[in-house]
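Peer 1: With the input below, show me the fold.
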Amino acid sequence: MQITFEPVTFVNMAQYITIGIQSYREHYLHLWEKQDPYPFIQAHLTKDVVKNAIQDPRQLLFLIMRDKEPTGILNLTFDAKKGLFLSQNNLLLNKLYLLKKFSNLGIGGQTLKFVDAIAKKHAKDIVWLYTMHKGKPLEFYKKYGYRIIKEAQIELPHALEREKAMWLMAREI
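Peer 2: Take a look at the predicted model:
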């Protein structure tokens, strides 16, 4: 199994959006009223949002590929201001979403190694992210050395109150 990371461009951004929406729907419908993730999709996975991210030199977007088949998406932001807590010299892991059929195959772990390599290449001190209070992603990130820094919550409308709780997690590089 060969895992590669294909940079997102205007040419393949529709595929990034499609894979992003599908993988998000497969894992996170339980967070939303009527299981409708429209607020998240509008905020993060529309053509305009992705086009702006591609043009932003502080952001990197990738299609995660397994043997040339798209399996998920990855979005990183250099020196993110939100959550600025440990270092101004940071890398935010915005999104790491895999299609359900590719979960638990080691792709996520390889993706985190790729993220670490980018952080080291760009001399970043910290990689950080948000994850839900409960569920498999929390344990996954702990397994790879991320620690809980503080509580956070989903800020978008129509998230279920009982599901809003998140953790801000970080790993020093």
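
Peer 1: all contacts plus neighbour counts: C-alpha atoms, from now on.
Peer 2: Will do.

Peer 1: ok, now which residue in this structure is the farthest from the centroid?
Peer 2: What lies farthest from the middle of the chain is Lys34; by C-alpha atoms, centre = their mean that is 23.3 Å.

Peer 1: in a helix, that's where it is, yeah?
Peer 2: Yes. Assessed with DSSP: H, G, I helix; E, B strand; the rest coil, Lys34 lies in a helix.

Peer 1: What residues of stretch 126-145 count as buried?
Peer 2: Neighbour counts over stretch 126-145 (16 or more other C-alpha atoms under 10 Å) mark 126-133, 138, 141 as buried.

Peer 1: Regarding that stretch, how distant is the last residue from the first?
Peer 2: Terminal residues of stretch 126-145 are spaced 12 Å apart (C-alpha to C-alpha, to the nearest Å).

Peer 1: Next, the contact list for the most centrally placed residue in the chain, please.
Peer 2: Most central in the chain under C-alpha atoms, centre = their mean is Lys95, positioned 1.1 Å from the mean C-alpha point. Each residue near Lys95 by C-alpha atoms under 8 Å, 6 or more residues apart in numbering is listed here: 73-76.

Peer 1: ok, now Val49?
Peer 2: Contacts of Val49 (C-alpha under 8 Å, 6+ apart): Ala43.

Peer 1: Show the model's pLDDT score for it.
Peer 2: pLDDT for Val49: 98.

Peer 1: Which secondary structure element is home to it?
Peer 2: Here Val49 sits within helix 47-55, counting by DSSP states H and E.

Peer 1: List the buried residues of that helix.
Peer 2: Applying 16+ other C-alpha under 10 Å to helix 47-55 flags 50-51, 53-54 as buried.

Peer 1: which one among those residues gets closest to Asn104?
Peer 2: Relative to Asn104, the closest of the buried residues of helix 47-55 is Val50; by C-alpha to C-alpha it sits at 27.1 Å.

Peer 1: if we can go back for a sec, distance to Glu163 added to the buried residues of helix 47-55, as TSV?
Peer 2: Shown next, in TSV, are the buried residues of helix 47-55 (distance: C-alpha to C-alpha, whole Å):
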residue	distance to Glu163
Val50	26
Lys51	29
Ala53	27
Ile54	30
